[in-house]
Structure formats: C-alpha cells, structure tokens
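Asker: With the input below, show me the fold.
(one chain, ligands or ions: 1)
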Amino acid sequence: MDHPLILNAEGVNKSFAGFKAITDLNFYLVEGELRTVIGPNGAGKTTFLDLITGRTKPDTGTITFGALTELVPLSEHEIVRLGIGRKFQTPTVYTEHTVFENLLLSLEGVRGVWQTLFSRTTSTDIDRIDEILKTINLGMRRNDLAGSLSHGQKQWLEIGMLLAQNSKLLLIDEPAAGMSDDETALTGELLLKLAGKHSIIVIEHDMVFVKQIATGRKVTVLHQGSVLCEGSVDAVQNDPKVIEVYLGRKKAA
Ligand SMILES: Nc1ncnc2c1ncn2[C@@H]1O[C@H](COP(=O)(O)OP(=O)(O)OP(=O)(O)O)[C@@H](O)[C@H]1O
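Answerer: Residues are numbered from 1 along each chain as shown. Got it, this is the predicted structure:
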C-alpha cells in the first residue's frame, strides 16, 4: 500500500506588494519521503518554507499536514508543536551551552530553560539524547560547548535539536552551504539515515550534494513560484526547461 501524504499544498498563492512570489503552487510529500527542492534565486523556495511554518500566510490555497490538519490558520508555535521543524541556513545553537544541554533544551514538551537545566534529568531523557548524539555523530563532543563545534558540526547539532523536538517533518534550508566536502558528504549520509523515519524537505543548490541525497528519489524544481518539473535527478538535469532557467545559468556563472 502507498504511504499517506504528510504534506499537501494546493493552489497556493503569495504576493508581496503585488509581486507574485508563489503562483498556483501544488506540492505533495509522502510520509517518510526525502525531497530535494532546487531552483534559481528568487524561485520562491524560502517563501514556500515560510508558508509551511506559518511565518508567512498564503493569499489563497490550502496546506494540509497529515490527513486533516490545515496549517494556514495556525501560529508558528502551534505548527512546531504539531511536529514541523525548520533548520535555517545559518546554525542557531546555544553556543554557551554544551552539546548535551542544547539537545536537552530542545526535548519535546518545552519545560522552560531554568527547569530543563536545573531539574534532575531523567534516564529516559539521557537515553534519548545519547541516541540522537549517535545519529548525528556528535557522541565524542557531548560535553563540549556548542560554540566550539565546527560549522558542519553545528549544523548536525541543529538537526539533532529538531529530532529532540520530535519533528516529524524536517525542513532543511541549504545544509551544505559553507561546509567542507567531507562535512557535506557526512551531512548527506545523515539525511539519508533519517529518511523513512522522518519526512524531509531539503532546499539545495549544490548539485553534487543533490545527487548524493536524491538519487532514486524525486526532485522538485521551482521557478517563478511554481513547480517547473519533478522527477529523478537525471531527468531534471536533462530537462531543457531546467537547463534554460537554472542549471545552464549555474554553469555559466
Ligand atoms: N517579505 C518579502 N517582501 C517582499 N518580497 C519578498 C519577501 N520575501 C520574498 N520576497 C520575494 O519573493 C521572491 C521569492 O523569494 P525567495 O526568497 O522565496 O526565493 P528563493 O528561491 O528562496 O531564492 P534564493 O535561492 O535566492 O534563496 C523574491 O523575488 C523575493 O525578493
């Protein structure tokens, strides 16, 4: 049986002062899917994530999470609590706290910073955090200050924080930006490990990284606020429309 949809965006439009950033956008994500979204600058990729997370509200259209939950009327906090977590391009970790504390602070059921850091941590919390540390390959840095991590490690910690928040849908904006080649490859491995257990939308420009995470999966190309095409990495890379509006320009740049 096919997996159900976790995200269903239909007929979505968003204008800023008369400029159409998103135009009749339809986007469907199956539970457990890892979808990469590519497209030229200004295509509407960030705006699309803003619409899912409630940061921006659409002019028209519906965005449904799971079977029934309509996201448009909900606040950003309510959307986070439903299990939608977003990682921005620049990592935002608590640099003066340890890696362990960063994850503790993000644990599901926000308890307030004071209570989280100074109340007794349960063995269930510790086990959960250690499991996440293993997943994000930061077990060795458990008690180090987050501020001492490399750029790539901060990004992984932030992904770990989304896991601690119990996010079912992860929205990840340009994770490979600013990373070394080795860190980029490890980030790809991490996302592939999370796919299936989580549903993931990744926005990315780095086509080597896109190949790593999207081979055998569907890629969406956005252009002028709409889906230009969807298909395998090879299919979109060879699509004349995509070459004209995006990949051709990237090569020339
Ligand atoms: N708050 C806003 N006010 C006015 N215009 C906006 C606003 N947010 C986005 N836009 C415009 O909407 C269009 C889509 O922008 P968006 O940032 O979503 O594109 P993008 O695909 O993420 O681009 P990039 O790859 O450069 O990040 C752009 O022309 C942008 O200038």
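Asker: Report the contact partners of the residue nearest to Leu145 when sequence neighbours are not counted.
Answerer: Nearest-residue entry for Leu145: Thr98, 5.9 Å, with adjacent residues in sequence omitted and distances by Cβ to Cβ, 6 or more residues apart in numbering. Bear in mind the C-beta positions are built from the backbone N, C-alpha and C, glycine included. Counting by Cβ atoms under 8 Å, 6 or more residues apart in numbering, Thr98 touches 142-146.
Asker: Just the buried ones from those residues, in ChimeraX syntax?
Answerer: The ChimeraX selection below is limited to those of those classed as buried (16 or more other Cβ atoms under 10 Å):
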select :145,146
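Asker: Dump the contacts of Thr98 into a markdown table; add distance to Asp182 and secondary structure as well.
Answerer: Formatted as a markdown table, the contacts of Thr98 follow (distance: Cβ to Cβ, whole Å; DSSP: H, G, I helix; E, B strand; the rest coil):
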| residue | distance to Asp182 | secondary structure |
| --- | --- | --- |
| Arg142 | 21 | coil |
| Asn143 | 24 | coil |
| Asp144 | 19 | coil |
| Leu145 | 23 | strand |
| Ala146 | 20 | helix |
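Asker: Tell me how many other residues crowd Asn166.
Answerer: 15 (other Cβ atoms under 10 Å).
Asker: hmm, back to that, could you dump the contacts of Thr98 into a markdown table and include pLDDT?
Answerer: Formatted as a markdown table, the contacts of Thr98 follow (pLDDT from 0 to 100):
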| residue | pLDDT |
| --- | --- |
| Arg142 | 96 |
| Asn143 | 96 |
| Asp144 | 97 |
| Leu145 | 97 |
| Ala146 | 96 |
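Asker: Near the ligand, list only the ones from the contacts of Thr98.
Answerer: Among the contacts of Thr98, none lies close to the ligand by the criterion of Cβ under 6 Å from any ligand atom.
Asker: of the contacts of Thr98, closest to the ligand?
Answerer: Ala146 (25.7 Å; Cβ to the nearest ligand atom).
Asker: For the closest one, give its distance to Ile52.
Answerer: Using Cβ to Cβ, to the nearest Å, one obtains 26 Å as the distance from Ala146 to Ile52.
Asker: What is the end-to-end distance of stretch 46-62?
Answerer: 18 Å (Cα to Cα, to the nearest Å).
Asker: right, is it up against the ligand?
Answerer: Yes: for a cut-off given as Cβ under 6 Å from any ligand atom, stretch 46-62 has contacts with the ligand, namely 46-47.
Asker: got a list of contacts for that stretch?
Answerer: With Cβ under 8 Å, 6+ apart as the criterion, stretch 46-62 contacts 7-15, 21-22, 25, 27, 37, 63, 70-72, 74-76, 78-80, 84, 86, 169, 171, 173, 201, 203, 222, 225.
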